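[1] Sequence first, then the predicted structure, then my questions.
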Amino acid sequence: QVQLVESGGGSVQAGGSLRLSCAASGVTFSTSCMGWFRQAPGKDREWVGFIFTPDNPFYDDSLEDRFTIYRDNAKNTVYLQMNSLKPEDTGMYYCAAGRFCSRGPSTFNYWGQGTQVTVSS
């Protein structure tokens with residue numbers, strides 16, 4: 001049974017930082033593409049970034065200067081470091097796993113339950 005468990009969300013003031021973690025089990029983690037998505041209330045789920053090889057993450061252009069994705073294959077965990085947070089970063093953040101990488105949510109086969117990030121001004 002595949003499980004993706006996110007943690008690290010919370011409430012933070014604008015300008016602050018959070019690090020989200022996603023621990024995976026039941027998948028061959030090292031050969032899985034790991035993606036991060038987010039969804040604000042009333043909006044569609046949007047792509048944040050993904051990582052397959054540890055040294056080559058990809059990001060949405062608007063987030064690349066503030067967000068960093070990295071993975072630890074020994075721990076079956078992927079991370080999303082978020083700096084200089086803004087109120088518009090507020091939303092539920094999800095990690096996802098799949099055989100292939102894509103900006104589209106449908107590419108990913110498995111999803112976590114999400115972790116809430118709230119950024120206040």
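    Sure, I can see it.
[2] Return the distance of the most centrally placed residue in the chain relative to Ser121.
    Geometric centre of the chain, nearest residue: Trp36, 2.7 Å, by C-alpha atoms, centre = their mean. From Trp36 across to Ser121, the span is 23 Å (C-beta to C-beta, to the nearest Å). Using the backbone N, CA and C atoms, a C-beta is placed for each residue, glycine as well.
[3] circling back: secondary structure of the residue nearest to the centre of the chain: a helix, I assume?
    No. Using DSSP: H, G, I helix; E, B strand; the rest coil, the secondary structure at Trp36 is strand, not a helix.
[4] Touching, it and Ile69? I think so.
    Yes. Trp36 is in contact with Ile69 according to C-beta atoms under 8 Å; the separation is 6.2 Å.
[5] Find residues that contact each of these two.
    Residues touching both Trp36 and Ile69 (C-beta atoms under 8 Å, 6 or more residues apart in numbering) are Val48, Gly49, Phe50, Val78, Leu80.
[6] Does the fourth one touch Phe50 like I think?
    Read that as Val78. No. In this structure, Val78 is not within contact of Phe50 by C-beta under 8 Å, at 9.2 Å.
[7] neighbour count winner among those two?
    Val78 (30 against 26; other C-beta atoms under 10 Å).
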